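1. Got a predicted structure here, sequence first:
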Amino acid sequence: MSLVRLNIKGISYSQTQNGAYALILNEVDGDRKLPIVIGAFEAQSIAIALEKEIKPPRPLTHDLFKNFADRFDIVVKQVIIHKLVDGVFYSSLICERDKIEEIIDARTSDAIALALRFQAPIFTYKNILDKAGIYLKVDPKDEDSEDDDVLVNEIINEELELEPSSEDELQSKNIEELHKLLDEAVINEDYEKAAKIRDEISKR
């Protein structure tokens, strides 16, 4: 399968889903965009890495990883978004130390935050882009440019609509349904939602 290189176009905040962001990746040799729903912390970390002038007073988690890797001569050579299952993207860090290459599994948001810090290229497979890629307008002077934000918000809502969004919805579920939702939240690595579901289970 052929690899397609991606650049980061930007981060969009959902107007309807509190704390949800979409990371927009752009196909280098094409017009398709790959939107990925990420959490607030990862969005902040990626935004800081994009804005070179912003220097946190203390290292963030991804900065700590970069400092650790530098100290032990580990280099992240590239990031590959290699799988898409039920709306969840799976990624790998391709690392090298002493000319020995290792592949490390990572959440896509973490992988991209690290790729920025190592100035490593980001790739995905053509079949993933064919499946999840979309077309967004790129002309900021276009009167319909606001449609981009609407579309991004629709994507975020679509990704999150199957998950409980309020305590009332959780309270309406029985124990078996809550355990199923908890398993799904953990699989999707949505630990904030998993914590809320766990709390509801504990109340029962």
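-> Received, thanks.
2. Can you name the element that comes right after the helix or strand hosting Ile94?
-> Under the criterion of DSSP states H and E, Ile94 resides in strand 88-97. The helix or strand immediately downstream of strand 88-97 is strand 100-107, counting by DSSP H and E.
3. List of residues touching the helix or strand just after that next one?
-> Later in the chain than strand 100-107, the nearest helix or strand by DSSP H and E is helix 108-118. Helix 108-118 is contacted from outside by 8, 23, 25, 36, 38-39, 42-43, 45-46, 49-50, 62-63, 65-66, 69, 75-79, 81, 89-93, 106, 120-122, using CB atoms under 8 Å, 6 or more residues apart in numbering. C-beta here means a position set from N, CA and C on the backbone, and glycine is covered the same way.
4. go on, stretch 66-86?
-> By CB under 8 Å, 6+ apart, stretch 66-86 touches 3, 6, 34, 59, 89-98, 101, 106, 108, 111-112, 114-115, 117-118, 120-125, 128, 131-132, 188.
5. List only buried entries from those.
-> 6, 34, 89-95, 106, 108, 111-112, 114-115, 117-118, 120-125, 128, 132, 188 (16 or more other CB atoms under 10 Å).
6. which residue ranges form the helices in the protein?
-> All helices of the chain, identified by DSSP state H, fall at 40-50, 61-71, 108-118, 126-132, 146-160, 167-171, 175-187, 191-203.
7. now for the last one, which elements pack on it?
-> So that's helix 191-203. Here helix 191-203 touches helix 167-171, helix 175-187, going by 3 or more CB pairs under 8 Å, 6 or more residues apart in numbering; DSSP states H and E.
8. And it, what's buried?
-> Under the neighbour-count criterion of 16+ other CB under 10 Å, helix 191-203 has Lys193, Ala194, Lys196, Ile197, Arg198, Glu200 buried.
9. between it and helix 40-50, what angle do the directions make?
-> Using axes from the mean of the first three to the mean of the last three CA atoms, to 10 degrees, the direction of helix 191-203 lies 160 degrees away from that of helix 40-50.
10. Show me how far helix 191-203 is from its chain's centre.
-> Here helix 191-203 shows a centroid-to-chain-centroid distance of 22 Å under the convention CA atoms, centre = their mean, to the nearest Å.
11. Also the fourth one?
-> Taking CA atoms, centre = their mean, the mean C-alpha location of helix 126-132 is offset from the chain mean by 16 Å.
12. May I have it as CSV, with CA atoms only?
-> Below are the C-alpha coordinates for helix 126-132, written out as CSV (Å, rounded to 0.1, in the frame of the first residue of the first chain):
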residue,chain,number,x,y,z
LYS,A,126,-3.9,5.8,0.5
ASN,A,127,-6.9,3.5,1.5
ILE,A,128,-7.3,5.4,4.8
LEU,A,129,-7.4,8.7,3.0
ASP,A,130,-9.8,7.3,0.4
LYS,A,131,-12.1,6.2,3.2
ALA,A,132,-11.9,9.2,5.6
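13. Cool, thanks, talk later.
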